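Q: Just the structure for this:
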Amino acid sequence: LLLAKLLPHLLERDHRVLLFSQFKLVLDILADLLDHLGVRHARLDGDVIGDKRQAAIDSFEASGSELQAFLLGTRAGGVGISLT
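A: Here you go, the predicted model:
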């Protein structure tokens, strides 16, 4: 509920949001919320492998990217990932 109220304020100011969770079920719920709010997002968790992982990162970091949020699993083996 707090996130649903906070996100529009952040996005109006052109902020992009990183949401972390240790649990994939929570990421599923957050993805549903973002879909409901019309927030374009990418996701990286343990099920995203190889080229798809890098493509999600590149898409989020691309200049002029339409992605406003990135869902990250803390157990996705994200050593060395740098998102700006």
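
Q: Next, the most centrally placed residue in the chain: secondary structure please.
A: Closest to where the C-alpha atoms of the chain average out (CA atoms, centre = their mean) is F70, at 1.3 Å. At F70 the chain is in strand, as set by DSSP: H, G, I helix; E, B strand; the rest coil.

Q: same thing with the one 5 residues further on?
A: Three-state secondary structure (criterion: three-state DSSP) places R75 in coil.

Q: Quick one: residues contacting it.
A: Shown in contact with R75 (CB atoms under 8 Å, 6 or more residues apart in numbering): Q22, D45, G46. C-beta here means a position set from N, CA and C on the backbone, and glycine is covered the same way.

Q: Of the residues you listed, which qualify as buried by neighbour count?
A: Neighbour-count burial (16 or more other CB atoms under 10 Å) applied to the contacts of R75 gives D45.

Q: Could I get the contacts of R75 in TSV, plus columns for secondary structure, distance to E12 and pLDDT?
A: TSV is the format used below for those (DSSP: H, G, I helix; E, B strand; the rest coil; distance: CB to CB, whole Å; pLDDT from 0 to 100):
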residue	secondary structure	distance to E12	pLDDT
Q22	coil	29	91
D45	coil	28	88
G46	coil	33	83
